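Sharing a model prediction with you, sequence too.
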Amino acid sequence: MTITNDYLPILILILVGIGLAGMFTIIGLVVGPRLRTREKAAPFESGFLGKGMEGHRYDVKFFMTALVFLVFDVEIVFLYPWTVQIRELGWFGFVASMVFISVLVIGLAYDWKKGALEWE
């Protein structure tokens, strides 16, 4: 098989996804209600109207937690294909992945030392 035939199902899936997203957006714009009242424009959360300042700042701890989560989430995304191809990659793939994991462990140790994981 050629590369074109191998990737044809993926291309079709992407085109169908984009087409459906566009179709549902257009249908929502055409069929949906257009009334904008003050009640509909008001912020609403958990059954109650918002109280206090809407544009308040978040604590840095939330940002640091999200950043650490993203780093390890990306690590998992890279490690899944590695585990599937470990036999074909051989020692070079093993050493490369160990370097990758080592860099992440060093980063985790740095975050831990700086107190980025503390929640007080």
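Structure received. Since the structure is predicted, the reported quantities are computational estimates derived from the model, not experimental observations.

from memory F72 sits against L104, does it?
Yes - F72 lies in contact with L104 (C-beta atoms under 8 Å); the separation is 7.3 Å. The C-beta positions use only the backbone N, C-alpha and C, and glycine is treated the same way.

Quick check on these two: which one has the bigger neighbour count.
Using other C-beta atoms under 10 Å, the more surrounded residue of F72 and L104 is L104, with 16 against 12.

show me what contacts the residue nearest to the more buried one when sequence neighbours are not counted?
With C-beta to C-beta, 6 or more residues apart in numbering as the criterion, L104 has its nearest non-adjacent residue at 5.4 Å, and that residue is E75. Applying C-beta atoms under 8 Å, 6 or more residues apart in numbering, we find E75 in contact with 100-101, 104.

Not counting its own residues, what contacts stretch 86-94?
Here stretch 86-94 makes contact (C-beta under 8 Å, 6+ apart) with 82, 85, 96.

I'd like the distance between the last one and V103.
Which is A96. Noted for A96: a distance of 11 Å to V103, by C-beta to C-beta, to the nearest Å.

What strand or helix carries S102?
helix 86-114 (DSSP states H and E).

coming back round to it: the residue nearest to L104: which element?
Going by DSSP H and E, E75 is in helix 60-84.
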